[in-house]
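**Q** quick one, what's the 3D model for this:
(one chain, ligands or ions: 1)
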Amino acid sequence: MAGFALRKDKNGAVAFVGFFDERADFSPVMDLGGNPLALNFRGVVGINSLGVGKYLDFVELWDERKVFYDECPQQLVDAFLMLPALLGPEDNTAEIRSLAVPYRCAKCQDTFSIMVRADEIRGPAQIMTFPARVCPKCNAFLKVEPIAEDFAVLVEQGALKIGK
Ligand SMILES: [Zn+2]
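**A** Here you go, the predicted structure:
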């Protein structure tokens, strides 16, 4: 079973590894991280309801601190969409700087979760355009899965600042 760990990475961000569940301990984050506080979620493999509870306690500690979310994997993006409170208090929403976007290759019939920077996505929110990516297997251009349209909610929430 996946455990939980966190460390400060070379860019000064606090990086999480493993699963957000009852064993997840976010208490060192505020001391470890700076202001603004950058959180990297690349190594996160999932979150359950107990992890959500722990994370929401951690969000309470942010106060006025500016918080950035980097490299959010798909499982977490799904969780943000279902539970916006994971993005922080309404008046101090975290800013997602990069997140996994689901792409599909029509040729290989395969889907790929690919990291995209927020400013690579073009608005407006209702008709977002995602950056072109090629299939890692066959090099054909990929299509963005329709579910990515749900990201409009994140834009409206102020969590995802897409390009114009
Ligand atoms: Zn392909």
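**Q** show me how far the top strand by length along the chain is from its chain's centre.
**A** In the chain, with assignment by DSSP state E, the single longest strand is strand 37-47. Distance, stretch centre to chain centre, for strand 37-47: 7 Å (C-alpha atoms, centre = their mean, to the nearest Å).
**Q** which of the residues in it are buried?
**A** Leu37, Ala38, Leu39, Asn40, Phe41, Arg42, Gly43, Val44, Ile47 (16 or more other C-beta atoms under 10 Å). Backbone N, C-alpha and C define where each C-beta goes, glycine included.
**Q** partners of it, with directions?
**A** Paired neighbours of strand 37-47 in the sheet (DSSP bridges): strand 14-20 (parallel), strand 67-70 (parallel).
**Q** near the ion, list only the ones from the buried residues of strand 37-47.
**A** Among the buried residues of strand 37-47, not one lies near the ion by C-beta under 5 Å from the ion.
**Q** now the strands for the chain?
**A** According to DSSP E, the strands that the chain contains are 4-8, 14-20, 37-47, 67-70, 95-96, 98-105, 110-117, 143-144.
**Q** show the average pLDDT along stretch 123-130.
**A** Stretch 123-130 carries an average pLDDT of 92.
**Q** quick revisit: quick one, which of the strands paired with strand 37-47 is nearest to the ion?
**A** strand 67-70 (27.3 Å; C-beta to the ion).
**Q** burial count for Asp146?
**A** Just to correct that, residue 146 is Pro rather than Asp. 9 (other C-beta atoms under 10 Å).
**Q** let me know the pLDDT of it.
**A** As predicted, Pro146 sits at a pLDDT of 91.
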